[in-house]
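Chemist: what follows is a predicted structure for the sequence shown.
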Amino acid sequence: MSQQLTRNHNAIEVLMAEDVGLVASEFLFFENRAFYPVGALLSSFVSQVWLGIGAKGNSTAGDLIFEMCQSADQPTGYYLYEIVIRTGKGASYGGWVFGSNFVISDRILSGHRIIETSFRGEPLEFGFAPDTGHYKLISGDLKGLSTGEIRELAKSCQRTSR
């Protein structure tokens with residue numbers, strides 16, 4: 001059964017966990033410069049989800065999705081979601097996805113659930129890439145865009161939130 005995001009955590013509560021705070025510092029920066037201001041991180045919505053295979057084990061912390069701020073001049077329906085993958089051994093940065101209508105499907109790729117979104121009416125799918133340890137775009141006409149080009153679409157979020 002697919003999962004929708006439920007905004008059930010305050011960002012400050014979640015960031016108090018040392019492992020999550022360290023991972024969050026990774027996505028605050030992109031290409032050696034600030035991408036999000038700290039205020040955007042603190043005002044994000046956080047959902048606890050399960051991206052692994054099968055039912056979540058008791059010894060494993062839930063994975064986290066940070067729905068980052070959307071500024072007035074971003075394209076309508078364009079959100080950035082930052083992913084934190086958690087295990088019994090700690091947390092790691094799981095990459096990011098974009099779009100709207102965020103759904104975690106039951107389909108599995110490389111041991112992780114596929115994430116579905118849409119952008120400008122186009123369905124998009126993101127799958128886990130074991131070589132990088134991050135989610136990446138695997139289906140949709142936008143897959144030819146580089147990470148930098150996609151991030152450029154969201155650049156206004158970091159500039160208007162300061």
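Modeler: Here it is on my side, so go on.
Chemist: pLDDT score for Gly39?
Modeler: Looking at Gly39, its pLDDT is 77.
Chemist: distance of it relative to Tyr79?
Modeler: Taking Cβ to Cβ, to the nearest Å as the measure, Gly39 falls 17 Å from Tyr79. To be clear about C-beta, it is placed using only N, CA and C from the backbone, and glycine gets the same treatment.
Chemist: ok, Lys89 next?
Modeler: From Lys89 to Tyr79 the distance is 29 Å (Cβ to Cβ).
Chemist: so which of Gly39 and Tyr79 has more stuff around it?
Modeler: Neighbour comparison, Gly39 and Tyr79: the larger count goes to Tyr79, with 21 against 11 (by other Cβ atoms under 10 Å).
Chemist: hey, what's the more buried one bridged with?
Modeler: Gly99 (DSSP bridges).
Chemist: longest helix in the protein, please.
Modeler: Longest helix in the chain, counting residues (DSSP state H): helix 18-27.
Chemist: show me what that one is packed up against.
Modeler: Helix 18-27 sits against helix 11-15, strand 63-67, strand 79-87, strand 90-109, with contacts defined as 3 or more Cβ pairs under 8 Å, 6 or more residues apart in numbering; DSSP states H and E.
Chemist: can you pull the buried residues of the helix or strand that the last one is followed by?
Modeler: Think strand 90-109. Per DSSP states H and E, the first helix or strand lying C-terminal to strand 90-109 is strand 112-119. Buried residues in strand 112-119, counted by 16 or more other Cβ atoms under 10 Å: His112, Arg113, Ile114, Ile115, Glu116, Thr117, Phe119.
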